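Visitor: need a structure here:
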Amino acid sequence: MNNKIYALGMALLLAGNSAAPVQEQVQSNQSETSVPSDIDIVEIEIDPVYRMTVPVQIDGAGPYDFLIDTGSERTVVSTDLAGKLELEFVEQALLQSIAGSKVVDTAYVPDLTLGDQNYGGVIAPLLLTEDIGADGILGLDGLQNQRILFDFRREVIEIEDIADASNKGYEIVVTGRRKSGQLILTNAMISGIDVTVVIDTGAQSSIGNRALQRRLSGKRAKGTDTQSELHAVTGHTIMADSGIAKDFRIGRAQFSHIGIAFADALPFKTLGLENKPALFLGMSVLRKFDRVAIDFRKRRVLFDLPRNARPTRDRRFRS
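Guide: Numbers count the residues shown, from 1 in each chain. Model (predicted):
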């Protein structure tokens, strides 16, 4: 069987990244959080592969549908939208994606706005609309000083003021170190194997490296003879082996199984993760939580456990 998986979120990772250790903090106060009046709430739409798009304005025009992508270092604009807005060409640049590298045009994007948040002007790579699956991608260059809450219960995204943001209402808070915008989390396990995790809200499914596949072989991963086609923002594709891995744990959350596509994806090498079990955690798993908040300035990811998740009893994941 051959399935097509969108792995857009693994694009635009630049050289020089490296994994870093993390420390988990489990919050004792699990009371429900009230929503402050100054939080910007943005209603979302769900694209055909269950990624979240938000309405973005450019220089007062729009709104246009942009993916929020924590796996992309750069904000991206589609060639169709760039032509419509007559954006100014800047230069050509080398773009790295899950399937390799490609030289692309870049353009100056003036006055990019999401809700009440104005990100000013950015220089963005231009990619085909059909490869992005949206008008653009809001990447890490536009998210670095924000805390973004993905509320899967209400199907909204909240852009929170970091100074006022609270950890109340979240069972798990994981703190990590950041390289080139990426948050690398190491307190995760699959079938008893330590796994390094990168949160990737732009990817449909979770992508594992070959090191993880080798460690899982002979354990509890099944169906890895199923072939999948990973589709990158550059329009290129690579083949992957898809399977089901049992007993996934991140922080104190525990799930009986998750789907993974295993591939020799270039971003693993860029991050120095090609030789150790690693996973880009996509939307298919993130949606198992009620809420996920990503605080880029404080280098934290906060998880609100769903009712069907089992808190792990592993002492390594306790405070």
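Visitor: switch to C-alpha atoms for all contacts and neighbour counts from now on
Guide: OK.
Visitor: Longest strand in the protein, please.
Guide: Counting by DSSP state E, the longest strand found in the chain is strand 237-250.
Visitor: Can you report how many residues neighbour the residue lying closest to residue 170 once chain neighbours are set aside?
Guide: Among residues not flanking residue 170 along the chain, residue 304 sits closest, at 4.7 Å (Cα to Cα, 6 or more residues apart in numbering). Residue 304: 20 surrounding residues under other Cα atoms under 10 Å.
Visitor: OK, contacts around residue 304?
Guide: Residue 304 sits next to 169-172, 289-292 when contact means Cα atoms under 8 Å, 6 or more residues apart in numbering.
Visitor: Please report how far it lies from residue 153.
Guide: Applying Cα to Cα, to the nearest Å, the value for residue 304 to residue 153 is 11 Å.
Visitor: okay, and the common contacts of these two?
Guide: The contact sets of residue 304 and residue 153 overlap at 290-291 (Cα under 8 Å, 6+ apart).
Visitor: ok, now how distant is residue 240 from residue 214?
Guide: The gap separating residue 240 from residue 214 is 14 Å, by Cα to Cα.
Visitor: Correct me if wrong: residue 59 contacts residue 118.
Guide: No. Under the criterion of Cα atoms under 8 Å, residue 59 is not in contact with residue 118, lying 10.1 Å apart.
Visitor: Touching both of the two, which residues are there?
Guide: Common contacts of residue 59 and residue 118, defined by Cα under 8 Å, 6+ apart, comprise 111-112.
Visitor: hang on, the earlier thing: out of the contacts of residue 304, which end up buried?
Guide: Neighbour-count burial (16 or more other Cα atoms under 10 Å) applied to the contacts of residue 304 gives 169-172, 289-292.
Visitor: Under a three-state scheme, what state does the nearest residue to residue 278 once chain neighbours are set aside occupy?
Guide: Excluding the flanking residues, the one nearest residue 278 by Cα to Cα, 6+ apart is residue 196, at 4.5 Å. Classification of residue 196 by DSSP: H, G, I helix; E, B strand; the rest coil places it in strand.
Visitor: And for residue 196, the neighbour number?
Guide: Applying other Cα under 10 Å, we find 25 residues neighbouring residue 196.
Visitor: any idea how far it is from residue 261?
Guide: Here the criterion is Cα to Cα. By it, residue 196 lies 15 Å from residue 261.
Visitor: try residue 154
Guide: Residue 154 is 28 Å from residue 261, by Cα to Cα.
Visitor: more crowded one of those two?
Guide: residue 261 (27 against 11).
Visitor: Just confirm the more buried one is within a strand.
Guide: Yes. Applying three-state DSSP, one finds residue 261 inside a strand.
Visitor: Neighbours of the nearest residue to it once chain neighbours are set aside, how many?
Guide: Nearest residue to residue 261 in three dimensions, chain neighbours excluded: residue 242, at 4.2 Å (Cα to Cα, 6+ apart). Neighbour count for residue 242, taken as other Cα under 10 Å: 27.
Visitor: What's opposite residue 242 in the beta bridge?
Guide: Note on residue 242: beta-bridge partners by DSSP bridges are residue 226, residue 261.
Visitor: who touches residue 189 in this structure?
Guide: With contacts defined as Cα under 8 Å, 6+ apart, residue 189 is in contact with 195, 247-250.
Visitor: Let's have these in JSON lines, adding pLDDT and distance to residue 257.
Guide: JSON lines is the format used below for these (pLDDT from 0 to 100; distance: Cα to Cα, whole Å):
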{"residue": "195", "pLDDT": "93", "distance to residue 257": "15"}
{"residue": "247", "pLDDT": "92", "distance to residue 257": "5"}
{"residue": "248", "pLDDT": "93", "distance to residue 257": "6"}
{"residue": "249", "pLDDT": "91", "distance to residue 257": "10"}
{"residue": "250", "pLDDT": "88", "distance to residue 257": "12"}
